[in-house]
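K.L.:
coordinates only, sequence not included:
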């Protein structure tokens, strides 16, 4: 048993943090958010250059074959800097579906390009009315000739607007809420019949609603076994949930550090406000939430690689529940302890609040994972 | 990062588990699992069994009987003891007084006190709190006046846990009342509870049980060789000991056992989303705390001992204990109202009747060993620098 990061992991973290410290400050980030694309191609190229895009992928595709703990290091750094680039969508979601469920040909077509920063992906799985349940799939894929034709709508597709490829869950059989009969497809975003309506999210990322109207795809677009896509979808979503836990730990760390610093420097009544016990105890509870969040994120990132599916679901949901509670608690306290300054858009703390609010809900809010954990026995 | 136990550690766990199964008396285990009062013999009996095996004080130096286990082995040992329902090793001797003697004691003091403490010949208790000195320990008033080759001790200690079983008490006393700074002029004394002038009076508690006492000292003569560390420098000893007291108060192993118990007792209540959700949050909090504890142990092993943030183990650990006791009481529904039998013919389940009392009893956990508010003060000052 050990909790140490390896030398390679430490180096990766250091390199990434150094880049973000110099190239991804508050003002630089504000410019990126305000740009038409909402992310920076330069930053994306730099992430590719550093090898960050290739961390979890096999060496044959140009990656490092890294574990989820390797990814934890990356996600923490991205979380601390509130990075808005489509990293999770590409590397943690779409890329994972290809790496875990794709044929050799599909992988060869997509993963090297992804690792080099030339292809972005998104996972189009959630639908209106389905909340967090990946089994709720009303989009239909009916067999047609040598392929399929997809019809229906996906909502809140993280970074769906900039993706070159969409991994779409669609129903080849069964009723809307059945676990069976779901298949995953690789769909080019520019394919005829694909309409993407993009919007900015509360935390300044991008998401999109995707309408599929008679989208014809060849048989080779099928990702994994037909009708058995739910296992792959859940595996990918659990993986991404573990990553989101690690990302939240990074953002919580920033909120903790910034708030502590504020308590030490802000003076009222002639003293630093951190000298007041009412605030000290609240700050201690923020620290405790951070430590507990870090612990459970470690557990999730380790288990997501090694556990059987039932145990994996249980641990990931436990982690997401604890992380969601911690993200809410810490972000709310950070704003409160900053006083009116916590409300201003000019400080990073308000952006951290918005990010943590969204991370608390990503891939299922506390209530969802509470129920999922309890159902796991 | 690797959260799995090594094959050696797993083998060690098997060894410990098998040994406990073979050596833990049923009677003591049943008392622990049913929240019944443990007698002095129950406590010392298990202590002596462990002592004979050489496992009663793993953290001591090997020359005095320590096991030279890694921190992970120690944790596994505690987990197995807690999980099996073994009586606690009463901490006042081997875990509190001993580290002080090892750090500050003279060779003669070590030789005199450590071996009988190890064997379980003597039962120890702690004389810190006083009626006017709880969280504010430095305001203690019990006086120890030096008269030649002995001190004369007069005053009162209170909340003395298991003082009614004790053969010895270690005390903080005021040896020089004239000092301007309250932390100065305090000394650390070892006092034989059989000395003339000591009176122990029980304090009835919230749960109707007897665990703590008042201890009165009326001109009690204590030989100067029972002074640990320098005269008037007892605060240094107290601070050292408080650091020791905080580590390992998470009671994680016991809480895991209690969690399983709640689930077993809850039955159909587990299908009630309101109950289930509260239980789930506690369970997840406990999972996180276990990893936090292991992370701190790993830091310790790596030669980077964690700071005052270890206090969070006490804070979260005790909150979890309380929450579990409350949920357990709730499993009994209306039957949790039972407390003491009146009519011998009444159907009276002693275990169910203990759940309400246990809920009451566990309120102590966030108060003792430095209240959770004091723990937060410590973290705020020492870790956060506020």
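P.N.:
Received it, and whenever you're ready, just let me know what you need. Note that the structure is predicted; figures quoted are calculated from it, not measured.

K.L.:
Could you check how far the residue nearest the centre of chain B is from residue A:242?
P.N.:
Centroid-nearest residue in chain B: residue B:91, 5.0 Å away (criterion: Cα atoms, centre = their mean). According to Cβ to Cβ, to the nearest Å, residue B:91 stands 38 Å off from residue A:242. Backbone N, C-alpha and C define where each C-beta goes, glycine included.

K.L.:
And for residue B:256?
P.N.:
Residue B:256 is 23 Å from residue A:242, by Cβ to Cβ.

K.L.:
Same question for residue A:282.
P.N.:
29 Å.

K.L.:
again with residue A:51
P.N.:
21 Å.

K.L.:
Tell me which residues of stretch B:342-357 come out buried.
P.N.:
B:352, B:353, B:354, B:355, B:356, B:357 (16 or more other Cβ atoms under 10 Å in any protein chain shown).

K.L.:
about what we covered before: pick out whichever of residue B:256 and residue A:242 has more residues nearby.
P.N.:
residue A:242 (32 against 19; other Cβ atoms under 10 Å in any protein chain shown).

K.L.:
Now do the contacts for that one.
P.N.:
Listed by Cβ atoms under 8 Å, 6 or more residues apart in numbering or on different chains, the contact partners of residue A:242 are A:68, A:72, A:297, A:300, A:301, A:304, A:316, A:319.

K.L.:
tell me the mean pLDDT for the helix or strand hosting it?
P.N.:
In this structure, residue A:242 is located in helix A:229-265 according to DSSP states H and E. When pLDDT is averaged along helix A:229-265, the result is 98.

K.L.:
Give me the buried stretch members for that helix, please.
P.N.:
Buried residues in helix A:229-265 (16+ other Cβ under 10 Å): A:229-230, A:232-256, A:258-260, A:262-263.

K.L.:
Beyond that helix, next helix or strand please.
P.N.:
strand A:267-268.

K.L.:
In its sheet, which strands sit next to that following strand, and in what direction?
P.N.:
strand A:271-272 (antiparallel) (DSSP bridges).

K.L.:
can you list contacts of the partner strand?
P.N.:
A:263, A:264, A:265, A:266.

K.L.:
I'd like to know how many residues surround residue A:319.
P.N.:
32.

K.L.:
what residues are up against it?
P.N.:
Contacts of residue A:319 by Cβ under 8 Å, 6+ apart are A:241, A:242, A:245, A:296, A:297, A:299, A:300.

K.L.:
can you rerun that using 10 Å?
P.N.:
A:238, A:241-242, A:244-246, A:248, A:293, A:295-301, A:303-304, A:369, A:373, B:284, B:287-288 (Cβ atoms under 10 Å, 6 or more residues apart in numbering or on different chains).

K.L.:
ok but it is inside a helix, no?
P.N.:
Yes. Under DSSP: H, G, I helix; E, B strand; the rest coil, residue A:319 sits within a helix.

K.L.:
buried stuff in stretch B:79-94?
P.N.:
Under 16+ other Cβ under 10 Å, the buried positions of stretch B:79-94 are B:79-82, B:84-87, B:89-94.

K.L.:
That stretch and chain A, are they touching?
P.N.:
No. Judged by Cβ under 10 Å from any Cβ of the partner chain, stretch B:79-94 makes no contact with chain A; its nearest approach is 12.7 Å.

K.L.:
mind checking the end-to-end distance for that stretch?
P.N.:
End-to-end span of stretch B:79-94 (Cα to Cα, to the nearest Å): 18 Å.

K.L.:
Same question for stretch A:200-212.
P.N.:
Start-to-end, stretch A:200-212 (Cα to Cα) is 21 Å.

K.L.:
who's in contact with residue B:331?
P.N.:
Contacts of residue B:331 (Cβ under 10 Å, 6+ apart): B:261-267, B:269-270, B:275, B:279, B:352, B:355.

K.L.:
Roughly how far does it sit from chain A?
P.N.:
As for residue B:331, its distance to chain A is 16 Å (criterion: Cβ to the nearest Cβ, to the nearest Å).

K.L.:
Isn't residue B:109 up against residue B:223?
P.N.:
No. The criterion here is Cβ atoms under 10 Å, and residue B:109 misses it with residue B:223 at 11.4 Å.

K.L.:
Those two: which has the busier surroundings?
P.N.:
residue B:109 (19 against 14).

K.L.:
Just list the residues touching the more buried one, thanks.
P.N.:
By Cβ under 10 Å, 6+ apart, the neighbours of residue B:109 are B:100, B:101, B:102, B:190, B:225, B:226, B:227, B:228, B:229.

K.L.:
What residues of the helix or strand containing the third one count as buried?
P.N.:
Using DSSP H and E, the secondary-structure element containing residue B:102 is helix B:98-104. Residues of helix B:98-104 classed as buried under the neighbour-count rule (16+ other Cβ under 10 Å) are B:98, B:99, B:100, B:101, B:102, B:104.

K.L.:
And stretch B:12-22, by the same measure?
P.N.:
B:12, B:13, B:16, B:17, B:20.

K.L.:
quick one, what contacts residue 139?
P.N.:
This is for chain A. A:124-125, A:127, A:150-154, A:168-171, A:176, A:182, A:185, A:210-212, A:215.

K.L.:
Switch to chain B, please.
P.N.:
B:130, B:132, B:133, B:174, B:182.

K.L.:
Could you tell me whether the last one really is in a strand?
P.N.:
Okay, so that is residue B:182. No. Using three-state DSSP, the assignment for residue B:182 is coil, not a strand.

K.L.:
so how far is residue B:238 from it?
P.N.:
12 Å.

K.L.:
residues shared between the contacts of those two?
P.N.:
Contacts common to residue B:182 and residue B:238, judged by Cβ under 10 Å, 6+ apart, are B:137, B:138, B:140.

K.L.:
Tell me where the model's unsure across the stretch 151-300 of chain B.
P.N.:
B:243-249 (pLDDT under 70).

K.L.:
And the residue of it closest to chain A?
P.N.:
Of all residues in the stretch 151-300 of chain B, residue B:291 sits closest to chain A, with a separation of 3.6 Å (Cβ to the nearest Cβ).

K.L.:
Just give the closest residue to that residue, not the sequence neighbours.
P.N.:
residue A:295 (3.6 Å; Cβ to Cβ, 6 or more residues apart in numbering or on different chains).
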